[in-house]
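> quick one: sequence and predicted model below, then my questions.
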Amino acid sequence: MTHKEAERCIPSFFDESIENLELAEFLEHIDSCPDCREELTIQFLVGRGLQSLSMGDEFNLAGELDKKLLKAHARLNRLYRLERFSWILRAIVVAETVALFMLTLRILF
């Protein structure tokens, strides 16, 4: 993912409308690119900071951003685990199908 693409993904990351594949690329880029991480932080501080100020809330914006990033990583980890589990289930179905086919052949012949 390029810097431009990462910057374009920031709003959809904040409103959690980013697709999973794009999220994976975005997080990988943000974790490895200090410039884009800084841009993410600035946009979060400006957007969330103004919102918190207008509501009069106390806030820990750096902590909130870290929690949001951890939540996104957790979302991807769940997705990867589900994907692996689905491949295991598919393998079991294929093995059972082969076993059933072999038993059917054995009964017929």
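Okay, I see it.
> contacts, neighbours, all on C-alpha from now
Will do.
> which positions in stretch 93-109 come out as buried?
Buried residues in stretch 93-109, defined by neighbour count with 16 or more other C-alpha atoms under 10 Å: none.
> CA atoms of that stretch as PDB?
C-alpha atoms of stretch 93-109 as PDB (Å, rounded to 0.1, in the frame of the first residue of the first chain):
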ATOM      1  CA  VAL A  93     -15.800 -32.800   4.300                       C
ATOM      2  CA  VAL A  94     -13.600 -33.900   1.400                       C
ATOM      3  CA  ALA A  95     -12.200 -36.800   3.500                       C
ATOM      4  CA  GLU A  96     -15.700 -37.900   4.500                       C
ATOM      5  CA  THR A  97     -16.800 -37.800   0.900                       C
ATOM      6  CA  VAL A  98     -13.900 -39.900  -0.200                       C
ATOM      7  CA  ALA A  99     -14.600 -42.400   2.600                       C
ATOM      8  CA  LEU A 100     -18.300 -42.600   1.800                       C
ATOM      9  CA  PHE A 101     -17.500 -43.100  -1.900                       C
ATOM     10  CA  MET A 102     -15.100 -45.900  -1.000                       C
ATOM     11  CA  LEU A 103     -17.600 -47.600   1.300                       C
ATOM     12  CA  THR A 104     -20.200 -47.300  -1.400                       C
ATOM     13  CA  LEU A 105     -17.900 -49.000  -3.900                       C
ATOM     14  CA  ARG A 106     -17.100 -51.700  -1.400                       C
ATOM     15  CA  ILE A 107     -20.800 -52.400  -0.900                       C
ATOM     16  CA  LEU A 108     -21.600 -52.500  -4.600                       C
ATOM     17  CA  PHE A 109     -18.700 -54.700  -5.600                       C
END
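> what residue ranges in the chain score low on pLDDT?
52-59 (pLDDT under 70).
> let's go with 50 and repeat that
By pLDDT under 50, the chain has no low-scoring segment.
> ok now do the residue nearest to the spatial centre of the chain, which residues does it touch?
Compute the mean C-alpha point of the chain, and by C-alpha atoms, centre = their mean the closest residue is Leu76, 3.5 Å away. For Leu76, the contact set (C-alpha atoms under 8 Å, 6 or more residues apart in numbering) comprises 20, 24.
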